[in-house]
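Asker: Dropping the sequence and predicted coords here.
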Amino acid sequence: IYLLNAQARLVANTIYCSLPPEARLKEKVGSMTHANIEKILSLKPDLVIACPLTSRLQMDQLAKLGIRVVEMKNPRTFEMICQTTMELGEMLGCRNRAEDLVRSVRNQAEEAGRKTRGLKKPRVFIQIGINPLKTSTAESFISDYIRICGGANIIAAGASSNIITVEEVVVKNPEVILIATMGTSKEAGKAVKEKWLRYSSIRAAKDGRVHVLDPEIICSPTPASFLKAIQAILPLIHPQLTLSDSAAAE
């Protein structure tokens with residue numbers, strides 16, 4: 001909504017809506033799973049945008065009270081991020097802005113693809129969870145970062161689970177390890193990096209190619225965060241390459 005410049009129409013959000021910082025100042029109506037129906041009604045919205053985690057009972061309650069409720073699916077892939085952006089743009093009367101956002105990120109993704117065409121694809125492991133150890137399956141927007149930036153996800157296509165063991169990572173021997181663990185501090189991310197660096201048999205550890213990334217960027221499925229992610233990841237997979245306005249990684 002903020003990317004579409006439609007924030008003036010946003011009367012409230014959830015306690016988890018913290019980006020951009022201005023979102024923290026909006027009225028809060030609860031969490032993603034449970035909202036305060038009375039508070040929502042008092043704000044007299046024309047539209048309530050829900051997610052798959054939202055209480056079905058509460059969505060039905062609002063609908064019965066005459067409020068339009070739209071459940072937006074969580075985008076699983078890059079293409080779904082683009083599609084969801086366009087759907088939201090149509091819904092809020094911001095189609096042109098949505099088209100600009102999608103066009104920009106597609107152009108950058110295509111540029112990354114051109115830069116890496118014909119290059120060797122380093123094996124990449126991306127960690128997004130600590131306990132249990134979680135990665136990204138091949139059919140996800142996080143894995144799309146790796147593909148677009150000219151790498152090869154060590155998790156094979158068709159894998160049904162994103163849980164992996166340290167032993168499996170050692171066997172697959174990634175050449176690059178990326179760490180973007182949600183819900184952890186910057187210090188915790190550095191601690192995870194130090195643990196991987198101890199596995200000298202892993203090529204990424206041996207070559208010092210273990211990097212901590214901002215999980216708020218890597219794990220957020222929006223055009224802006226996707227663009228920042230590929231700008232950050234491309235030079236980590238192919239150090240000789242960059243995209244404009246590259247985000248910092250450690």
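Answerer: Done, it's in. Residues are numbered from 1 along each chain as shown.

Asker: alpha carbons only for contacts and neighbour counts from here, please
Answerer: Will do.

Asker: Which residues are in contact with residue 1?
Answerer: The contact partners of residue 1, taken as CA atoms under 8 Å, 6 or more residues apart in numbering, are 7, 10, 88.

Asker: Let's have those in JSON lines, adding neighbour count and pLDDT.
Answerer: JSON lines is the format used below for those (neighbours: other CA atoms under 10 Å; pLDDT from 0 to 100):
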{"residue": "7", "neighbour count": "14", "pLDDT": "95"}
{"residue": "10", "neighbour count": "15", "pLDDT": "95"}
{"residue": "88", "neighbour count": "17", "pLDDT": "95"}
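
Asker: quick check, nearest of those residues to residue 157?
Answerer: residue 88 (29.7 Å; CA to CA).

Asker: Following the chain past the helix or strand containing the closest one, name the next helix or strand.
Answerer: Assigned by DSSP states H and E, residue 88 belongs to helix 78-91. Downstream of helix 78-91, the next assigned helix or strand under DSSP H and E is helix 95-116.

Asker: just the angle between the helix holding residue 88 and helix 95-116, please?
Answerer: Here the directions of helix 78-91 and helix 95-116 differ by 160 degrees (axes from the mean of the first three to the mean of the last three CA atoms, to 10 degrees).

Asker: Which positions in helix 78-91 come out as buried?
Answerer: Across helix 78-91, burial judged by 16 or more other CA atoms under 10 Å covers 78, 80-82, 84-89.

Asker: tell me how far that helix is from the chain's mean position?
Answerer: When distances are taken as CA atoms, centre = their mean, to the nearest Å, helix 78-91 is centred 14 Å away from the chain's centroid.

Asker: Kindly report the same for stretch 57-68.
Answerer: 29 Å.

Asker: what's the answer for stretch 173-192, then?
Answerer: For stretch 173-192, the distance to the chain centre is 15 Å (CA atoms, centre = their mean).

Asker: buried set for that stretch?
Answerer: For stretch 173-192, the neighbour count (16+ other CA under 10 Å) marks 173-182, 189-190, 192 as buried.

Asker: Name the surrounding residues that touch it.
Answerer: 122-130, 154, 193, 201-204, 207, 209-216, 218-219, 236-237.

Asker: Format the CA atom coordinates belonging to that stretch as PDB.
Answerer: C-alpha atoms of stretch 173-192 as PDB (Å, rounded to 0.1, in the frame of the first residue of the first chain):
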ATOM      1  CA  ASN A 173      29.100 -28.400  -0.100                       C
ATOM      2  CA  PRO A 174      27.800 -25.000  -1.100                       C
ATOM      3  CA  GLU A 175      30.200 -22.400  -2.500                       C
ATOM      4  CA  VAL A 176      28.200 -19.500  -1.100                       C
ATOM      5  CA  ILE A 177      26.100 -19.400   2.200                       C
ATOM      6  CA  LEU A 178      23.600 -16.600   2.700                       C
ATOM      7  CA  ILE A 179      22.000 -16.100   6.100                       C
ATOM      8  CA  ALA A 180      18.700 -14.300   6.500                       C
ATOM      9  CA  THR A 181      17.000 -15.600   9.700                       C
ATOM     10  CA  MET A 182      13.800 -13.800  10.600                       C
ATOM     11  CA  GLY A 183      13.200 -12.800  14.200                       C
ATOM     12  CA  THR A 184      16.900 -12.700  15.100                       C
ATOM     13  CA  SER A 185      19.100  -9.800  16.000                       C
ATOM     14  CA  LYS A 186      22.100  -8.700  13.900                       C
ATOM     15  CA  GLU A 187      24.400 -10.200  16.500                       C
ATOM     16  CA  ALA A 188      22.500 -13.500  16.300                       C
ATOM     17  CA  GLY A 189      23.100 -13.500  12.500                       C
ATOM     18  CA  LYS A 190      26.800 -13.000  13.100                       C
ATOM     19  CA  ALA A 191      26.800 -15.900  15.500                       C
ATOM     20  CA  VAL A 192      25.300 -18.100  12.900                       C
END
